[in-house]
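> predicted coordinates and the sequence they were generated for:
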Amino acid sequence: MLSSGRRNCVNGWKIITGVENNRSFYSAPDVAKIVVRNGSNYYNIAIGSGDRALPKSNVTTRDRFYSIRDYYLGALTQADYNSIVAITDSGPNGLAEVDGNAEIKPTDGVNGWKLELAPSEKVLTNLLA
C-alpha cells in the first residue's frame, strides 16, 4: 500500500506492509531516458528510501534503492494503458534482487532491480543521474 504520508511523515511517501517494510521516500525520483543500441529504449526511474527523522536509530526498516524501467515512452491509448501489467516488488513481473557486486545490463524486458541497503544505510538526499 502506498500512502501520501501526510499522517505518517513530513513531505514523504511510505510503503506500509509491516515495520521492516515501512519505507519512507523523502525526495522525488530521478528519471533518465536510456537509449539502448539495438534494443528497447526506456525511462529509468531511480529512488531510495530512508528515515530522515531517525537516520541512525532506525535499523528495523529494511531500506532499499530501486531502479525501475518504464518502456512506455510514447503516448498511449486508453486500451494500451489498460493492458499494462503493473511492476511489482517480487514475482513474475517483479524487480530483480541485486547485491552490491552485481552488474546490471540494460537487457530488454527487465523491469528493473532493487538493492537492499545495510541497516545503517539510508537514502536521504536528492538523486542525480
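Cool, got the structure.
> ranges for the helices of the protein?
Counting by DSSP state H, the segments of the chain that form helices are 78-83.
> which residues in it form strands?
2-3, 13-15, 23-25, 30-34, 42-48, 64-70, 96-98, 112-116 (DSSP state E).
> the ones you listed: lowest mean pLDDT?
Sorting those by mean pLDDT places strand 2-3 lowest, at a mean of 38.
> which residues does Pro29 contact?
Applying Cβ atoms under 8 Å, 6 or more residues apart in numbering, we find Pro29 in contact with Ile45, Ala46, Ile47, Leu127. Any C-beta I mention is one placed from the backbone N, CA and C, and that applies to glycine too.
> rerun that using 7 Å as the cut-off
Going by Cβ atoms under 7 Å, 6 or more residues apart in numbering, Pro29 touches Ile45, Ala46, Ile47.
> of the residues you listed, closest to Val110?
The nearest member of the contacts of Pro29 to Val110, counting by Cβ to Cβ, is Ile45 at 13.5 Å.
> the residue nearest to that closest one when sequence neighbours are not counted pairs with what?
Nearest residue to Ile45, sequence neighbours excluded (Cβ to Cβ, 6 or more residues apart in numbering): Ile68, at 4.5 Å. Beta-bridge partners for Ile68, by DSSP bridges, are Ile45, Gly112.
> so how many other residues sit close to Ile68?
Using other Cβ atoms under 10 Å, the number of residues around Ile68 comes to 18.
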